[in-house]
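Q: next input, structure requested:
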Amino acid sequence: MSGCGKVKAWQVPLRLVTGAFILHSGMEKWDGPDEQAQGVHGMARQTFPFLENVDAPRFLKLLAAGEIALGAALLTPMVPSRLTGAALTGFAGSLMAVYAQTPGLRKEGSVWPTPDGIGVSKDSWLLAIGLALTLSPHQKPHKHIKQAKQVAKEAKEARRLAKGLSQDGHSHHHSHRHGPGHARKGCPAHH
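A: Below you'll find the predicted structure:
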């Protein structure tokens, strides 16, 4: 899973476990029975009232499709970790909103779950994993990028030196190096 330099070693277990779990969850929901659709839709509707306009079986199918897509993305090394992390954070954030808004899942006046809320409260781990993937630092630049930066630095130094010489009036005969129309300030272009 470390191809293309997009996935760091520490991200592999996070992406494998969450990706497999979410993909499996989506596949289980895909052909879920009507009572499952009603239950899942009922919980989601309490948090997101606009879902009232979506019938339960259709909602379950859409949720399943989203989970399958997210799980597959997490398991695909070519998909950047920051992108999968952002998607996972959004998904887990919506699950945590359901946890916070659904009566009976949390103890009164507390963030801690009731026995009925333990399963949903564990989605907080998905939120943490999503944030970790999203906030992870970029890979170290490849060697050719470092070389390009060094060349740019040397070119900048050369321009600085050339500018100092041209101000002394010693470099007008070298202005052809800049190409037509690219003479330095203060140096006439030779045609």
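Q: where does the prediction get shaky in the chain?
A: Under the criterion pLDDT under 70, the flagged ranges of the chain are 1-6, 138-148, 150-152, 155, 158-159, 162-191.
Q: what about the helices in it?
A: 11-30, 34-47, 56-75, 81-101, 118-121, 123-135, 143-167 (DSSP state H).
Q: among those helices, which is nearest residue 109?
A: With CB to CB as the criterion, residue 109 lies closest to helix 81-101 of those, at 12.6 Å. C-beta: built from backbone N, CA, C; applies to glycine.
Q: now do that closest one: which elements does it pack against?
A: Where contact means 3 or more CB pairs under 8 Å, 6 or more residues apart in numbering; DSSP states H and E, helix 81-101 is packed against helix 11-30, helix 34-47, helix 56-75, helix 118-121, helix 123-135.
Q: could I get the helices of the chain as TSV with distance to residue 109?
A: Output for the helices of the chain, formatted as TSV (distance: least, CB to CB, whole Å):
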stretch	distance to residue 109
helix 11-30	31
helix 34-47	19
helix 56-75	30
helix 81-101	13
helix 118-121	16
helix 123-135	18
helix 143-167	53
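Q: pipe those into JSON lines and attach distance to residue 111 and mean neighbour count per row.
A: Output for those, formatted as JSON lines (distance: least, CB to CB, whole Å; neighbours: other CB atoms under 10 Å):
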{"stretch": "helix 11-30", "distance to residue 111": "22", "mean neighbour count": "17"}
{"stretch": "helix 34-47", "distance to residue 111": "16", "mean neighbour count": "16"}
{"stretch": "helix 56-75", "distance to residue 111": "25", "mean neighbour count": "18"}
{"stretch": "helix 81-101", "distance to residue 111": "8", "mean neighbour count": "19"}
{"stretch": "helix 118-121", "distance to residue 111": "8", "mean neighbour count": "15"}
{"stretch": "helix 123-135", "distance to residue 111": "9", "mean neighbour count": "17"}
{"stretch": "helix 143-167", "distance to residue 111": "44", "mean neighbour count": "11"}
